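Asker: here you go, sequence then predicted model.
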Amino acid sequence: MRRFFQSREFYIPKGAVKVADRKSDAVVYLYITARGKFGALAFHGKAAKPDWHFTFSSEAARERKISEFFAGRQRRNEWKDKRREERAKPHTFEVGHVLVASWGYEQTNINFYQVTRIVGPRMVELREVAQVEASNGNEAWATGKSLPAPDGFIGETMRRIVNDGRVRIDSVRSASLWDGRPVNWTAYH
């Protein structure tokens, strides 16, 4: 089967009037159907397919839908701008900070990492550090607590981007700043 992509113009009825929102990336095309209903289809950004395509029984109902769509796109763009500003802020990690990653399926694994170098406002170098048993003996079977052994490096140096106070170690683990308390772990067997 042969597939091809349609451009935005494919969906727009002939004679439709374009209405663009000045505060967002939203565009709506207005038209009247052959049966006299009020039609509209909406796009955002560079999208080729419409976000919605409806007919309305009254012009007031169409205007309400368009106003809601424009307001929603404005909120979305404001949220994106705010998020972009937050992400652009430099991280607060310092050399020597210890990060912890808690991960696992049917068990909880713990890994500790120490920041060894600040590479830039959004990147750090870190290395995995050894763990010290911190259990007091009162834990349930196959559970315990551990603490990091700062400067007890066991892993290779890796560079990672800091995003919202977290560092993605790999596809499974992400580490955040350790709060100084023993961390609980569980074992499957």
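Answerer: Sure thing, it's come through.

Asker: the lengthiest helix in the chain packs against which elements?
Answerer: Using DSSP state H, we find that the single longest helix of the chain is helix 59-88. Secondary-structure packing of helix 59-88 (3 or more C-beta pairs under 8 Å, 6 or more residues apart in numbering; DSSP states H and E): strand 26-32, strand 38-44, strand 52-56. In short, each C-beta sits where N, CA and C put it, glycine included.

Asker: could you dump those strands into TSV with mean neighbour count, mean pLDDT and distance to residue 124 added?
Answerer: Conversion of those to TSV gives the following (neighbours: other C-beta atoms under 10 Å; pLDDT from 0 to 100; distance: least, C-beta to C-beta, whole Å):
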stretch	mean neighbour count	mean pLDDT	distance to residue 124
strand 26-32	19	96	39
strand 38-44	20	96	36
strand 52-56	15	96	44
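
Asker: nearest to residue 106, of those strands?
Answerer: Among those, strand 38-44 comes nearest to residue 106, with 42.6 Å by C-beta to C-beta.

Asker: not counting sequence-adjacent ones, nearest residue to residue 126?
Answerer: Counting by C-beta to C-beta, 6 or more residues apart in numbering, residue 113 is the residue found nearest to residue 126 once chain neighbours are left out, at 4.5 Å.
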